[in-house]
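> Sequence first, predicted model second:
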Amino acid sequence: MEGSGASSSWKPANPAPLGLAGFAMTTFILSMFNANLVGTEALTGVVALALVYGGVAQLLAGMWEFRVGNTFGAVAFSSFGAFWLAVYFGGAALAAPGHGKALFLWAWAIFTLYMTVAALRVSGAVLLVFILLTITFILLALGNDGGGHSGLVHAGGYFGIATAIVAWYTSFAHVINSTFGKTVAPIFPLNK
């Protein structure tokens, strides 16, 4: 960066841990609600996180992934940041089960499925996040279609909790490995 005083050896930080953490926390709280493990008061936390951590922080992580040349991360984080912003701004329209909510969830299931195929070249940890998330979206879409099937929604909630846990682990692994300068927590690379 000419004239900026920055060293030519400057290397940007990995934005993936931020995107994964924002995704994990927001998914965890919404999934606790979907699994029927907490009451409707949990939705207040989801709404706030959907805007700020799930939405804005992930969208920023996605833009930073563009900067570091990671197409997968850029598309994943930007898209799921937009997902959480849609959840925030869609509010009441996405709260009640029905065909519209199911269609919204089916569209995200399709997107997540094709990203799962791409994740085959990322890491085992990221691949597991996308497999679990695809199952989550399918269960939630089925559960919300035609007036709602609470058993399927609850099952989707449990898969969402598992998705969040794996995403948190993956975020943690990236942070701890970067901090220690060596592999402390494996992410199981698949692209070798």
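Great, that's in hand. Numbering: from 1, shown residues only.

> For the residue nearest the centre of the chain, what is the enclosing helix or strand?
For the chain, Phe23 is the residue whose C-alpha lies nearest the centre (C-alpha atoms, centre = their mean; 3.6 Å). Here Phe23, judged by DSSP states H and E, is contained in helix 16-34.

> pLDDT at the closest residue to Gly147 other than its chain neighbours, what is it?
In space, and not counting its chain neighbours, Gly147 is closest to Pro97: 6.0 Å by C-beta to C-beta, 6 or more residues apart in numbering. Backbone N, C-alpha and C define where each C-beta goes, glycine included. What the model reports for Pro97 is a pLDDT of 81.

> just Leu20 next, same as before
On the pLDDT scale, Leu20 gets 98.

> Lys192 now?
61.

> can you check Glu2 too?
Taking Glu2 on its own, its pLDDT is 45.

> Now for the chain, the helix or strand with the poorest mean pLDDT.
Ranking every helix and strand in the chain by mean pLDDT, DSSP states H and E puts helix 42-51 at the bottom, with a mean of 86.

> That helix vs helix 16-34, what angle?
Counting by axes from the mean of the first three to the mean of the last three C-alpha atoms, to 10 degrees, helix 42-51 lies at 160 degrees to helix 16-34.

> Start the count at 48 instead of 1 going forward.
In the new count, where the first residue is 48, that last one comes out as helix 89-98.

> Other residues contacting helix 89-98?
Helix 89-98 is contacted from outside by 69, 72-73, 76-77, 79-80, 131-132, 134-135, 138, 142, using C-beta atoms under 8 Å, 6 or more residues apart in numbering.

> redo that, cut-off 6 Å
73, 76-77, 79-80, 131, 134-135 (C-beta atoms under 6 Å, 6 or more residues apart in numbering).

> go on, stretch 105-115?
The contact list for stretch 105-115, computed with C-beta under 6 Å, 6+ apart, reads 59, 62, 65-66, 69-70, 120-121, 124-125, 127-128.

> in that stretch, what counts as buried?
Across stretch 105-115, burial judged by 16 or more other C-beta atoms under 10 Å covers 105-109, 111-112.

> ok, those residues vs Phe184, which is closest?
Using C-beta to C-beta, Gln105 comes nearest to Phe184 of these, at 16.5 Å.

> Quickly find the element holding that closest one.
Assigned by DSSP H and E, Gln105 falls in helix 105-114.

> Out of the contacts of stretch 105-115, which end up buried?
Looks like those have 62, 65-66, 69-70, 120-121, 124-125, 127-128 buried, using 16+ other C-beta under 10 Å.

> Need those residues in TSV (columns: distance to Ala220).
Below are the buried ones among the contacts of stretch 105-115 laid out as TSV (distance: C-beta to C-beta, whole Å):
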residue	distance to Ala220
Pro62	15
Leu65	14
Gly66	14
Gly69	16
Phe70	15
Gly120	15
Ala121	20
Phe124	17
Ser125	22
Phe127	19
Gly128	21
